[in-house]
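Novice: sequence below, structure please.
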Amino acid sequence: MLGSQVWNVLAPPVGPKTMVSLQWLRFLAAMMVVIHHLNLSLEVFARKFGVVTSVVAMSGEFGVQVFFVISGLIMVHVAGEQFGSLQSAKKFALNRAIRIVPLYWTLTLLQVAVLIISGSLPGEPGRLSGTALIKSMLFIPRIDYMGLHRPLLEQGWTLNFEMAFYAVFAVALILPRLAGLAIVAAVLALMAALSPFVPDQGYGLLFDPIVLYFLAGVLIGVARKALWSRGWRGIQGISAAMVCSALMAASVLFLNMFGSGAWQPIIATAVVASAVCLRDVQNGLTARLFAFGGDISYSAYLSHGFVLLFSGVIWRRLFGADYLGVYYCLTLVACILAAALCHLTIERWLTAVARRLFNGSATDVTP
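Specialist: You can find the predicted model right below:
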């Protein structure tokens, strides 16, 4: 009985609205980003010790693109028929803020502490400043000391795009469904089309073709809803999560063999579209594990940089460039365990506090 209660806390039963396949796909996309950065961490060993490292190339960019497609799809799924209401727009915006802001702010402040304690600031002029902190916390795009679009918590650059997309979607919810979705599509398409003409500074950084991945997700969500309204519930008898895993693995191999280019957006969209064509299993241990993978994906995305930093420093001091294969595997496992711990403790607690602060007005904090 106690074990069952503990399990229910760690990985709660899957709700009827949860898309298990997309949850697992979110986890796989997060792991692509983690592995990409883990591969980059090996370059530190290569520079410091003159060793040659060899790993399977992993596109963090592709993982982000899959994230964005999923995000567009999920927003359509979450909105349902709640268009045409100012109250729906307010609730949506509040739910999104509760989902994104608390953990991001907390880890941004942790990043500030790490930067101060590490004493590396003199070699990185302009990295930490009041302006940089304010812009990072408010999701205002900025160019950092290296000329890159990055907030203080570097992975947070994608959240600048996410929050801009949420703002557009929230405004669209005020309108009738068809008009609202048309506005979302038009704004995203316009942002992409104007990207060559808008200066790469401030909010101009958001005018980027990458926003079309949100649009792809929105279109998949609209198509899915249309099919579901006609009674189609997806292909049965096939494990959606296993298919997602196979598709992501095949995508990595394909992109490594033939490069990205025009293929990457097509593949990212196709992977997500394929996932929603399969009927999810909503109960059982497997479904709960796959859903839990999606639950920890946000923590994994934001927290893994700290794990890579500390594991790299400790390993270099203890072992130098020896046993890098062991370092690689242990660090990857540590990133996953740290993500689970961060989600179960910090993320869940912060979300609960935020919901209480708003008097329970935001009850559906969907991933």
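Novice: immediately after the helix of greatest length in the chain, which helix or strand?
Specialist: Criterion DSSP state H: the longest helix present in the chain is helix 86-118. Sequence-wise, the next helix or strand downstream of helix 86-118 (DSSP states H and E) is helix 130-137.
Novice: now the next helix-or-strand element following that following helix - C-alpha only, PDB.
Specialist: Downstream of helix 130-137, the first helix or strand assigned by DSSP H and E is helix 157-172. Extracted C-alpha coordinates of helix 157-172, given in PDB (Å, rounded to 0.1, in the frame of the first residue of the first chain):
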ATOM      1  CA  TRP A 157      16.300  31.800 -25.300                       C
ATOM      2  CA  THR A 158      13.700  29.400 -26.500                       C
ATOM      3  CA  LEU A 159      11.400  30.600 -23.700                       C
ATOM      4  CA  ASN A 160      11.500  34.100 -25.200                       C
ATOM      5  CA  PHE A 161       9.900  32.500 -28.400                       C
ATOM      6  CA  GLU A 162       7.500  30.400 -26.300                       C
ATOM      7  CA  MET A 163       6.200  33.400 -24.300                       C
ATOM      8  CA  ALA A 164       5.800  35.500 -27.500                       C
ATOM      9  CA  PHE A 165       3.800  32.600 -29.000                       C
ATOM     10  CA  TYR A 166       1.700  32.300 -25.800                       C
ATOM     11  CA  ALA A 167       1.000  36.100 -26.000                       C
ATOM     12  CA  VAL A 168      -0.300  35.800 -29.600                       C
ATOM     13  CA  PHE A 169      -2.400  32.800 -28.700                       C
ATOM     14  CA  ALA A 170      -3.900  34.400 -25.600                       C
ATOM     15  CA  VAL A 171      -5.000  37.400 -27.800                       C
ATOM     16  CA  ALA A 172      -6.500  35.000 -30.300                       C
END
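Novice: average pLDDT across helix 157-172?
Specialist: The average pLDDT within helix 157-172 is 96.
Novice: who does the nearest residue to Gln201 once chain neighbours are set aside bridge with?
Specialist: What sits nearest to Gln201 in space, not counting adjacent residues and going by C-beta to C-beta, 6 or more residues apart in numbering, is Ile143, at 6.4 Å. Every C-beta, even on glycine, is put in place using the N, C-alpha and C of the backbone. Taking DSSP bridges as the rule, Ile143 bridges to His149.
Novice: Ile143: what's it in contact with?
Specialist: His149, Asp200, Gln201, Leu205 (C-beta atoms under 8 Å, 6 or more residues apart in numbering).
Novice: now, the most widely separated pair of those residues?
Specialist: Pairwise distances across those (C-beta to C-beta) peak at 9.4 Å, for the pair His149 and Gln201.
Novice: Cys342: which of the contacts of Ile143 is nearest?
Specialist: His149 (24.9 Å).
Novice: what's around the closest one, how many residues?
Specialist: Per other C-beta atoms under 10 Å, the neighbour tally for His149 reads 17.
Novice: now it: how far from Ala338?
Specialist: 26 Å (C-beta to C-beta, to the nearest Å).
Novice: same check, this time on His304
Specialist: For His304 relative to Ala338 (C-beta to C-beta), the value is 7 Å.
Novice: those two: who's more crowded?
Specialist: The residue with more neighbours, out of His304 and Ala338, is His304; 26 against 19, by other C-beta under 10 Å.
Novice: surely that one forms part of a helix?
Specialist: Yes: assigned with DSSP: H, G, I helix; E, B strand; the rest coil, His304 falls within a helix.
Novice: residues contacting it?
Specialist: Val33, Val34, His37, Cys335, Ala338, Ala339.
Novice: that concludes my questions; thank you for your assistance.
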